[in-house]
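[1] any chance you could fold what I've pasted below:
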Amino acid sequence: MGFLMDGLDSEAYDRTYSDGQLVRRIAGYFRPQGRRMLLAAGAIFATAVLDTAIPIVIARSLDQLRVDTATTTIVLAAVVLALLACTSWVFNLVRQQFSARAIGDVVLKMREDAFDAVVRRDLSFYDQFATGKIVSRVNSDTQAFSQVITLTLDLMSKLLLVVFLIIYLFTVSVKLTLILLMLSPVIVGVALAFRVIARRTLTAARRMNAVVSSHIQETVSGIGVAKTFRQEPTIYAEFLDVNKQSRQVNLRTRYVFSTIFPILNTLAGVGTAALVYFGGLDVRSGVLTAGSWFLFIQGLQLFWFPLTSIASFWSQFQLGLAAGERVFALIDAEPRVVQHDNQILPEVQGDIRFKNLDFSYGERPETGDRRPELDRSENQESGTGDNVQMVSAGLRSSVSGQAAPWVLRNFDLHIRPGETLALVGHTGSGKSSIAKLVARFYEFQGGALLIDGVDIRSLDLSDYRSHLGIVTQSPFLFDGTVLENIRYGRPEASDAEVLRVARMIGNGDWIESLPNGLASEVGERGSSLSMGQRQLVALARVLLQNPSIFILDEATASIDPLTEAMIQEGLDVALRGRTAIVIAHRLSTVRHADRIIVLRQGEIIEEGNHETLLARGGHYADLYNTYFRHQSLEYIEASQRLAA
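    Numbers count the residues shown, from 1 in each chain. Next comes the predicted model:
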């Protein structure tokens, strides 16, 4: 049945924790809940004592009724039993109240820690691991963990009941009590041996749930593309395959657990038969009263239930440990982007210097000076192809165990304060990688990257990024209003400040086109706005932050000429006196740059301004004639004259 586990391998950041390590880690979460757990434990103890007393009272009442059949005796026995049952119920309610609050707070803290870990992970983490599986760990696994703790408390109550009952039964008949205990090690041994299979099977089931969640999330996110290319039957067929695999994994889990209970019940049946036989002989010989015999038979049921429940408990406990293990693995995942200090720059000037920098998207880059050819056939028309292709190449190599290719090798570049630098080159040349390294989204493997002369690895990232403004080709907007999205980077900004910044772009004419102005709802991921409007909101969001360093990654590649003109007008104002890194597919953006860097496979092959590079007739001139020339006013006017 190995095929059932296809695609259910552990993630690269998963760890194996021993049961002891997991229990100690879990105990650390419960430590602040010590008072509540002590009260719950006291209630458990009281409930166990009262539940033990109930069969003892019944046995004594049966013996008493043999010599005293008065109505008052029967009524007294009934009243005592009712009081014991009601008091037990009250203590059980107290236990439920305190334990529910304690477990709720523990799960709350665990989920907060998991979400904090998700937020702190660098972008390379999300390049490698599916978001649906990460969401499953934060949500589903923490919930599974809480259910296990509840079951543990229930089992503790039953085990205490057994302990008290066994102590009392020893005072009644040592022989029958020993018979009762003889099968206990066998049953417990079978249940404990079962835990190994339980952990493995349940871990696979949790991973399968994560795969299903990830598949559904990806499908819903890309449903527009699927409908455009009429791929609904294909994605449905893919889901059927995943769903069938999920069914098989869950069936295997049920088969595993359904085999243990018949074995345990058989062993319990043997014990019951032995007690009935030997107890009956003792009653016949007068060694044991009928009430005491009943007490043993009744105690047998109370005794076997917790023992046979150990199998169920271990399966659930292993589920909780498996869920906790997955959550802790997410929390403990080692970040790739590591800061060595938390220096705060009082004022960022925007001086950026790459010094002999080596960078690869994989964990184990190959050695040597060779720069491997990257497949430029992929994502050639995509504005984000530069980054996507290199990330994919790095992850393919990382997963296969091969060395990932270098994206930048011995790379040197100096960007002066206040300079607007344009990066151009074919897909896969390293343009987006440079921008993402400046934003400290990825870790480099060698050399240095200095910001105002300070190693970027020594800066306080939160403070440093407050001086950055990044606008990508496909901006992400959060569900809410336009005003809320612009204010996202500066929640304390007033409405007047937001309006002032919005009017810096195209004199604010774009605001009038919105149904409710800045109060317009953008929808999920900005779905209520056009791509151009989303880009304008994203630019306004960056302008409100008033950054010292601008990064524009294909910001005008997917918008119409009118919106581009608005953005360019806003950029002329925004970039004045600021350092800017511009990755451009539009001639207007390139021509406004102070300096143009031409990249090929991570190397700078040309640099200069637009006119100088055109005059050289080199690689930039080829790019211009291929991609930019048709955007120029001269080309458009010449085409119109030819058409006339």
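[2] which stretches in the stretch 451-600 of the chain count as strands?
    454-455, 468-472, 549-553, 579-583, 595-600 (DSSP state E, counting those that start in this stretch).
[3] and among the ones you listed, the most buried is which?
    strand 579-583 (a mean of 26; mean count of other CB atoms under 10 Å). Placement of C-beta: from N, CA and C, glycine included.
[4] who does it pair up with?
    Strand 579-583 sits in its sheet next to strand 420-425 (parallel), strand 549-553 (parallel), going by DSSP bridges.
[5] per-residue confidence for Asp369?
    You'll see Asp369 listed with a pLDDT of 43.
[6] okay, and Ala59 sits in which element?
    Per DSSP states H and E, Ala59 falls inside helix 34-67.
[7] nope, Leu295 is what I meant
    helix 290-332.
[8] where does the prediction get shaky in the stretch 51-200 of the chain?
    68, 130, 132, 191-192, 195-196, 199 (pLDDT under 70).
[9] quick one, strands of it?
    Going by DSSP E, counting those that start in this stretch, the stretch 51-200 of the chain shows no strands.
[10] out of the strands of the stretch 451-600 of the chain, flag the one nearest Lys133.
    Smallest distance to Lys133 across the strands of the stretch 451-600 of the chain (CB to CB): 24.4 Å, for strand 468-472.
[11] contacts for the closest one?
    Outside strand 468-472, the residues that touch it by CB atoms under 8 Å, 6 or more residues apart in numbering are 384, 435, 438-439, 535, 538-539, 542-543, 545, 547-555.
[12] got it, and stretch 56-71?
    Stretch 56-71 is contacted by residues 73-74, 77, 80-81, 84, 168, 289-292, 294-295, 298 when judged by CB under 8 Å, 6+ apart.
[13] repeat that for 10 Å
    73-74, 76-78, 80-81, 83-84, 164-165, 168-169, 172, 289-299 (CB atoms under 10 Å, 6 or more residues apart in numbering).
[14] now for Val242, how many residues are close by?
    Using other CB atoms under 10 Å, Val242 has 17 neighbouring residues.
[15] for it, helix, strand, or coil?
    On the three-state scheme (DSSP: H, G, I helix; E, B strand; the rest coil), Val242 is labelled helix.
[16] now it. Nearest residue, chain neighbours left out?
    His215 (5.0 Å; CB to CB, 6 or more residues apart in numbering).
[17] got the contact list for the one you found?
    Applying CB under 10 Å, 6+ apart, the residues contacting His215 are 130, 132-133, 235, 238-239, 241-243, 246.
[18] who's in contact with Lys460?
    Careful, residue 460 is Asp and not Lys. Asp460 touches 339, 341-345, 466, counting by CB under 10 Å, 6+ apart.
[19] which of the residues you listed are buried?
    339, 345, 466 (16 or more other CB atoms under 10 Å).
[20] got the phi/psi numbers for Asp341?
    Main-chain dihedrals, Asp341, degrees, to the nearest 10: phi -160, psi 170.
[21] need the pLDDT of Gly608.
    90.
[22] count the residues that sit near it.
    Using other CB under 10 Å, Gly608 is surrounded by 16 other residues.
[23] circling back to that earlier point, out of the strands paired with strand 579-583, the one nearest Ala198 is which?
    Comparing the strands paired with strand 579-583 against Ala198 with CB to CB, the closest turns out to be strand 549-553 (48.6 Å).
[24] now the angle from that closest one to strand 468-472?
    Strand 549-553 and strand 468-472 are oriented at 10 degrees to each other (axes from the mean of the first three to the mean of the last three CA atoms, to 10 degrees).
[25] CA atoms only for strand 549-553, dumped as CSV, please.
    Extracted C-alpha coordinates of strand 549-553, given in CSV (Å, rounded to 0.1, in the frame of the first residue of the first chain):
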residue,chain,number,x,y,z
ILE,A,549,14.6,53.7,-1.2
PHE,A,550,12.1,52.8,-4.0
ILE,A,551,11.9,49.4,-5.7
LEU,A,552,9.6,49.3,-8.7
ASP,A,553,9.5,45.7,-10.0
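[26] list the contacts for Arg24?
    Neighbouring residues of Arg24 by CB under 10 Å, 6+ apart: 17-18.
[27] could the strands of the stretch 451-600 of the chain go into TSV alongside distance to Lys158 and mean pLDDT?
    What follows is the strands of the stretch 451-600 of the chain, written out as TSV (distance: least, CB to CB, whole Å; pLDDT from 0 to 100):
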stretch	distance to Lys158	mean pLDDT
strand 454-455	60	92
strand 468-472	57	83
strand 549-553	61	85
strand 579-583	65	89
strand 595-600	69	90
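[28] for those, which one sits closest to Asn410?
    strand 595-600 (14.1 Å).
[29] orientation of the closest one relative to strand 420-425 in degrees?
    Going by the same axes, to 10 degrees, strand 595-600 makes 20 degrees with strand 420-425.
[30] what's downstream of strand 595-600, the next helix or strand?
    Under the assignment DSSP H and E, the closest C-terminal helix or strand after strand 595-600 is strand 603-608.
[31] which residues touch the next helix or strand after that next one?
    Once the chain leaves strand 603-608, the next helix or strand it forms, by DSSP H and E, is helix 610-616. Here helix 610-616 makes contact (CB under 10 Å, 6+ apart) with 422, 424, 587, 590-593, 595-598, 606-608, 619-621, 623-625, 628-629.
[32] among those residues, name the buried ones.
    Using 16+ other CB under 10 Å, the buried members of those are 422, 424, 587, 590-593, 595-598, 606-608, 619-621, 623-624, 628.
[33] which regions of the stretch 451-600 of the chain sit below the pLDDT cut-off?
    In the stretch 451-600 of the chain (pLDDT under 70), the answer is 554-564, 570, 585-589.
[34] tell me the spacing between Arg120 and Leu437.
    The gap separating Arg120 from Leu437 is 19 Å, by CB to CB, to the nearest Å.
[35] tell me the domain ranges of the protein?
    Using automatic domain parsing, the domain parsing of the chain gives 13-332, 352-467+547-643, 476-546.
[36] roughly how far out does the longest one sit from the chain middle?
    This means domain 13-332. 26 Å (CA atoms, centre = their mean, to the nearest Å).
[37] and the furthest pair within the contacts of His215?
    Lys133 and Ile235 (18.3 Å).
[38] the two: who's more crowded?
    Between Lys133 and Ile235, counting by other CB under 10 Å, Lys133 is the more crowded of the two (20 against 17).
[39] SS state for the nearest residue to that one once chain neighbours are set aside?
    The shortest distance from Lys133 to any non-neighbouring residue, by CB to CB, 6+ apart, is to Ala210 (4.0 Å). The three-state label given to Ala210 by three-state DSSP is helix.
[40] hmm, Ala210 is touching Arg326, no?
    Yes. Using CB atoms under 10 Å, Ala210 is in contact with Arg326, at 8.3 Å.
[41] what sits in contact with each of the two?
    Contacts common to Ala210 and Arg326, judged by CB under 10 Å, 6+ apart, are 11, 133, 136-137, 140-141.
[42] now distance to Leu65 too, for the residues you listed, in JSON lines please.
    Converted to JSON lines, these look like this (distance: CB to CB, whole Å):
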{"residue": "Glu11", "distance to Leu65": "65"}
{"residue": "Lys133", "distance to Leu65": "64"}
{"residue": "Ser136", "distance to Leu65": "59"}
{"residue": "Arg137", "distance to Leu65": "59"}
{"residue": "Ser140", "distance to Leu65": "54"}
{"residue": "Asp141", "distance to Leu65": "54"}
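[43] just the ones of those in helices?
    Counting by DSSP state H, the shared contacts of Ala210 and Arg326 place 133, 136 in helices.
[44] ok, and the most crowded of the shared contacts of Ala210 and Arg326?
    The most neighbours of any of those, using other CB under 10 Å, belong to Asp141, which has 26 neighbours.
[45] what's the nearest residue to that one if we skip its chain neighbours?
    Of all residues not flanking Asp141 in the chain, Ala323 sits nearest, at 4.0 Å (CB to CB, 6+ apart).
[46] just the pLDDT at that neighbour, thanks.
    78.
[47] thought it was touching Phe145?
    Yes. Using CB under 10 Å, Ala323 is in contact with Phe145, at 4.7 Å.
[48] all set now, cheers.
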